[in-house]
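Enquirer: Sequence and predicted structure below; questions after.
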Amino acid sequence: AVAISPHATRAFSPAATIQSARTSRPTAHTPRSSPTELCAETDASVDRQPWDAVRFIRQSARFIRPPNPFRTAGTAHVVKPGDVIWSAGNGDAGEAIGPKMAWAPLDDVVMGGASSSEFDNTTGMWGGTVSSSNSGGFVGIRTTPFDPPLDMTGCQGIELKLRGGDGKRFKAVVRDSTEFNGVCWTSSFDAARSRNGGTTTVRLPLDRQVPTIFANTVEGKTFKANNVVGFQLAYSKFEYDGGLNGKFELGDFSLQLVEVRAY
C-alpha cells in the first residue's frame, strides 16, 4: 500500500552542542520555548533520572562536522525519480546510489532526556524506549552528513518503505544544511498496523515540507533541493509548537526502515 502523508508537522533538532556537554546539562536557546521547556513549565513534579553525558557526546559527535577552510564541496550527486537512495543492509553499495550513508541514534539525551533507541543498518530495525523522565519524550535516528550532497531538484518527494510501527505517528526530516541545529524540513506520517509482516510505502512530497527548528515553525525559509545533506526520523510526544502527538505512547516502540527511494 502507498500512502501520501497528509500531515505537515515539525521534528526535533538537537538543542545542544558537544562543547556545552563537557561542562553542563544541555539547554535549548531559542526565541520561543521548546516543547521540552513547555512541558517542564507545566509539570513541577517531573521524574528525574541521571543524565548520561557520555551517551550524549557519543551520539552527537557523529553529526558534527568541524569547520575546515580547506574543504571543497563535491559535485552534487543527481538523484532521479525511482532511484534507491538507501536500503537496509545495502547502504554503501549495490542498488543504493549516492554517497556512503549510515543511520545512527540521536535521542532526547541531547536535551537532557532519558529515552534511548538503537538502529541496525543491516536490517533497518529501529527500536527502543521513550521516557518522559527529565522532561524528555522523543527518540530519533539521523544520517551522517552526505559528501557530496544529493541534488533532488528533479524529484517530487521521498518514498519510505516500512514494516511495523503499530499505527504510531513518526516524523521524517530532510536536511539541506550541515548545521547541527539547522532547519528541519519536516513531514509526518502514520505507520500502518500491519498484521502479516508486510511492508507499506509512505510518500512524502518535498513541496509539503514545513521548516522547523526545535519543533517550532520558522518562516522565510526556502528548501534547497540541490543540496540535500541528510535525512532524519523521529518519534516524539510533540507535534509542533508545543502541540502533542495524538498517536504517541511512552514505552517501547519499533519500526523497520526497509528502503528510501526518490519519486
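Expert: Here it is on my side, so go on.
Enquirer: Identify each buried residue in the lengthiest strand in the chain, please.
Expert: Secondary structure of the chain per DSSP state E: the longest strand is strand 251-262. Buried residues in strand 251-262, counted by 16 or more other CB atoms under 10 Å: 253-262. For the C-beta atoms, the positions are set from N, CA and C on the backbone; glycine is no exception.
Enquirer: Remind me what it packs against, helices and strands.
Expert: Packing partners of strand 251-262 (3 or more CB pairs under 8 Å, 6 or more residues apart in numbering; DSSP states H and E): strand 84-87, strand 125-130, strand 157-164, strand 230-236.
Enquirer: average pLDDT for the last one?
Expert: The average of the pLDDT scores along strand 230-236 is 96.
Enquirer: what helices or strands is it leaning on?
Expert: strand 138-143, strand 169-175, strand 251-262.
Enquirer: From the opening residue of stretch 188-202 to its closing one, how far?
Expert: With CA to CA, to the nearest Å as the measure, stretch 188-202 spans 10 Å from end to end.
Enquirer: Quick one: distance of it to the chain centre.
Expert: 18 Å (CA atoms, centre = their mean, to the nearest Å).
Enquirer: Could you check that stretch and say which residues are buried?
Expert: 188-192, 194, 200-202.
Enquirer: In a markdown table: those residues, plus secondary structure.
Expert: Formatted as a markdown table, these follow (DSSP: H, G, I helix; E, B strand; the rest coil):
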| residue | secondary structure |
| --- | --- |
| 188 | strand |
| 189 | strand |
| 190 | strand |
| 191 | coil |
| 192 | coil |
| 194 | coil |
| 200 | strand |
| 201 | strand |
| 202 | strand |
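Enquirer: State the pair within those that is farthest apart.
Expert: Taking CB to CB, the two most distant members of those are 188 and 194; they sit 18.7 Å apart.
Enquirer: Low-confidence ranges, the stretch 101-250 of the chain, go.
Expert: Within the stretch 101-250 of the chain, the stretches with pLDDT under 70 are 194.
Enquirer: so which strand or helix has residue 55?
Expert: helix 53-61 (DSSP states H and E).
Enquirer: how far does the helix or strand following that helix sit from the chain's center?
Expert: As assigned by DSSP H and E, the chain's next helix or strand after helix 53-61 is strand 77-78. On the basis of CA atoms, centre = their mean, strand 77-78 is displaced by 22 Å from the centre of the chain it belongs to.
Enquirer: same question, stretch 236-243
Expert: Relative to its chain's centre, stretch 236-243 lies at 14 Å (CA atoms, centre = their mean).
Enquirer: OK, contacts around residue 174?
Expert: 158, 185, 206, 209, 223, 228, 230-232 (CB atoms under 8 Å, 6 or more residues apart in numbering).
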